[in-house]
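> Build me a model from this:
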Amino acid sequence: MVRAAVLERTDKRVDSSAHMITTARVPADKPVRIAFSLNDSPDDTPPENTFPLAFPELEQQLQPLPPCHDSTESMEVFKQHCQIAEEYHEVKKEIALLEERKKELIARLEQAEKESMDAAQLTKEYAELTEENRTLKLAQTQCAEQLEKLRIQYQKRQCSS
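Purely as a prediction, here's the structure:
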């Protein structure tokens, strides 16, 4: 025979969690089902104050633990934990928004730097082309003067012959 433990509620109201364990003999060939609950509600009805995960996006280890309904201190701690979790959630949202804003500002800064580099490059290129243009105009003037001298010399030779 196997001994099975059955959890029974005591009749005396010493403490709300006071329970007594009794044993009974059960034949070895019969299956034994042991079930117990630490609350006083029947199995088919949920407790009055169930606390589902109020913060599904919060990591499991940071979730507020359900309070002990009989302890005002536990209820206060639970409320404080919920407030802190709410603040934590708000701070995380704000951080996400600020990180997104940071990405936008970095992209704008990179674009401005690129445009600045483009402007500097264009300014440098303009200066180089201006200098090249000045040099070419000078060369053209010198060539025109030389051509004029050659024409004059050619005409003098034509007249002397």
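
> quick one, strands of this protein?
2-9, 19-26 (DSSP state E).

> Among those, which one carries the weakest average confidence?
With a mean of 40, strand 2-9 has the lowest mean pLDDT of the strands of the chain.

> quick one: the helices in the chain?
72-160 (DSSP state H).

> Show the contacting residues for Leu147.
Counting by CB atoms under 8 Å, 6 or more residues apart in numbering, Leu147 touches no other residue. All C-beta spots, glycine's among them, are computed from the backbone N, C-alpha and C.

> how close does it sit to Met75?
106 Å (CB to CB, to the nearest Å).

> same question, Lys93
Taken as CB to CB, the span from Lys93 to Met75 is 27 Å.

> The two: who's more crowded?
Met75 (14 against 11; other CB atoms under 10 Å).

> contacting residues for the residue nearest to the more buried one when sequence neighbours are not counted?
What sits nearest to Met75 in space, not counting adjacent residues and going by CB to CB, 6 or more residues apart in numbering, is Pro67, at 4.8 Å. Neighbour list for Pro67: 51, 74-75, 77-78 [criterion: CB under 8 Å, 6+ apart].
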